[in-house]
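1. sequence first, predicted model second:
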Amino acid sequence: MPWANVNGTSLHYEVTGPEWGTPIVFIHPPLLTLEAFRYQKEQLGIHFRVITFDIRGHGGSASSKQSLCYQLISQDMIGLLDFLGIEEAFLCGYSTGGTVALEALLTHPRRLVGGIIVSGMSELTDSYNRIRVWLAIRMANPSRIMNFLIRAITYGNADKKTTYQELKEHAWQDVAGNVRSYFEQSLRYNCTNKLSRIQQPVLLIYGEKDVGFHPYAQILQTGLPHSSLFFIKDAKHPVPIQSAARMNNIIQLWMESLEEKDQKERWKLDLAIAQKLHPHKYGNTDEYPSDAEHPMHKHE
C-alpha cells in the first residue's frame with residue numbers, strides 16, 4: 001500500500017498500467033475511496049496509466065486538520081503528479097469528484113490536459129440533491145449514524161455483494177470531519193460562469209436513467225468550449241461500478257480520437273465513436289452537414 005507525502009499530508013495511492021500509457025487521475029466523491037474505480041484499474045489499466053488515490057481523510061490517506069475544499073484537493077493532485085514524476089495528465093472525476101476535476105482544470109491548465117466528468121456537475125442547485133447532501137453532512141459525525149451513511153452509499157454504488165463489502169471496508173477508515181467538509185463544498189461551489197475558460201477537451205458521461213443530473217450535463221455541454229457528451233442506456237448515477245465496461249469503452253475511444261489532427265468538427269469524431277460502439281444504429285458521418293448541431297449519443 002504506497003503513500004506519497006505531498007502538500008503537507010500523506011496520500012494513499014495506486015498506479016496501474018504501463019509507464020508509457022497516458023496518465024489518468026481518478027477522483028472519488030465524498031465517503032467513497034479509490035476502490036470506486038476498481039473496474040477502471042482492471043480494464044483501462046491495460047492501455048493507460050491509471051492513477052487512483054484516497055482524498056485526505058478517506059480510506060488509507062491521512063486525516064486533514066484543514067477543511068477539505070476543491071482547491072486543496074486540486075493542489076494535492078498536482079503534488080501527487082510531482083511525486084510520481086508526471087508532467088501532464090488527464091483527470092476523471094465521478095459525481096462530486098467531477099466538480100473537483102473542473103476546478104483543477106481551471107487552476108492548473110498546463111499540467112492537466114483534459115478531463116472526463118462522470119455523473120458530475122459545475123453547481124448543485126436542485127432541491128432534491130441539495131437535501132440529500134444536507135442530510136449526509138449531518139450524518140457525517142463520529143457515531144453510529146455515520147456507519148449507516150457508509151452502508152447506504154457503498155450499497156448504492158455496488159454492483160454485487162463482494163463489491164459492497166470491499167467498498168464498505170475501505171470507507172470504514174474515513175474521518176467524519178473530512179467527509180463532512182467535502183460534502184459541504186457541494187452546497188457552496190459553483191464554477192458554471194467559468195466553464196468557458198476551460199480550453200482542454202472534456203468528455204461527459206451520464207446515465208440515461210440519472211435524469212436528475214441531465215440538466216447538469218446540459219450546463220456542462222453548453223458551457224465547455226470543447227466537450228463531448230454521451231449517455232449510457234439504462235444506467236443510473238453510479239456509472240463507474242455499475243456500468244463500468246460501457247464507460248471504459250467510451251473513455252478509450254474518446255482518448256484515441258484525441259490523436260486525430262483535426263479537432264475542429266469534434267461532433268464528427270464523437271459520431272465516429274458512436275458508430276464503433278453501435279455500427280447498426282448510426283449512419284455514415286458524411287450524411288451530416290458540416291454545420292449540423294453537435295449530437296448527443298447513447299451507449300447501450
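-> The structure has been received and is ready for your questions. As the structure is a computational prediction, the values presented were derived from the model and not from experiment.

2. which secondary structure state does residue 83 sit in?
-> Secondary structure, DSSP: H, G, I helix; E, B strand; the rest coil: residue 83 is helix.

3. that one reaches residue 4, doesn't it?
-> Yes - applying CB atoms under 8 Å, one finds residue 83 in contact with residue 4, separated by 4.3 Å. Backbone N, C-alpha and C define where each C-beta goes, glycine included.

4. more neighbours, the two?
-> residue 4 (19 against 16; other CB atoms under 10 Å).

5. hmm, the more buried one is touching residue 79, no?
-> Yes - with contact defined as CB under 8 Å, residue 4 counts as touching residue 79 (7.5 Å).

6. what residue lies at the spatial centre of this structure?
-> residue 93 (1.6 Å; CA atoms, centre = their mean).

7. contacting residues around that one?
-> Residue 93 is in contact with 26, 27, 99, 100, 101, 102, 115, 116, 117, 118, 120, counting by CB atoms under 8 Å, 6 or more residues apart in numbering.

8. any weak-confidence spans in the stretch 51-200 of the chain?
-> Scanning the stretch 51-200 of the chain for pLDDT under 70 picks out no residues.

9. at 80 what do you get?
-> Filtered on pLDDT under 80, the stretch 51-200 of the chain yields the residue ranges 143.

10. now, of the contacts of residue 93, which are buried?
-> Buried members of the contacts of residue 93, scored by 16 or more other CB atoms under 10 Å, are 26, 27, 99, 100, 101, 102, 115, 116, 117, 118, 120.

11. what's across from residue 4 in the sheet?
-> residue 11 (DSSP bridges).

12. wait, a strand at the residue nearest to the centre of the chain?
-> Yes - Residue 93 forms part of a strand when assessed by three-state DSSP.

13. what's across from it in the sheet?
-> residue 27, residue 117.

14. re the thing from before, wait, which of the buried ones among the contacts of residue 93 is closest to residue 272?
-> residue 116 (18.1 Å; CB to CB).

15. hang on, isn't residue 246 packed against residue 231?
-> No - here residue 246 lies out of contact with residue 231, judged by CB under 8 Å, at a distance of 10.4 Å.

16. before we move on, which element is residue 268 in?
-> Using DSSP states H and E, residue 268 falls within helix 266-277.

17. point out the other helices and strands that that helix packs with.
-> For helix 266-277, the packing partners by 3 or more CB pairs under 8 Å, 6 or more residues apart in numbering; DSSP states H and E come out as strand 227-232, helix 244-257, strand 297-299.
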